[in-house]
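In: Can you look at this prediction? I've put the sequence above it.
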Amino acid sequence: MINKEFRMNFDPQADSLYIKLKEWEYDNSEEKNNIILDYDKNDELLWIEILNTSENEDIIKSLIYSWKIKD
């Protein structure tokens, strides 16, 4: 389960969205379809990086709705 308290940053120059879920020591990553997932040594998700954010609007909307983030 993902803790609903997280930090999100958008870098317009890189066109990347960074979502920090947990503060812990990084161990490994996996990348698929312009999404990079970073894990700790227990395979718990720490970071989500969405590359080419402007081209992946559906992914962003899905995250927002699933976590019920409100403006």
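Out: Structure's in. What do you need?

In: Which stretches in this structure count as helices?
Out: With helices called from DSSP state H, the chain shows them at 57-67.

In: which residues touch the spatially most central residue of it?
Out: With distances taken as CA atoms, centre = their mean, the residue of the chain nearest its centroid is Ile48 (2.3 Å). By CB atoms under 8 Å, 6 or more residues apart in numbering, the contact set of Ile48 is 18-19, 21, 35-38, 63. From N, CA and C alone the C-beta is placed, and that goes for glycine too.

In: Take those and lay them out in TSV including pLDDT, distance to Asp11 and neighbour count.
Out: Shown next, in TSV, are the contacts of Ile48 (pLDDT from 0 to 100; distance: CB to CB, whole Å; neighbours: other CB atoms under 10 Å):
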residue	pLDDT	distance to Asp11	neighbour count
Tyr18	91	7	16
Ile19	89	12	19
Leu21	89	18	19
Ile35	90	15	15
Ile36	94	13	15
Leu37	94	18	15
Asp38	95	16	19
Leu63	68	17	17
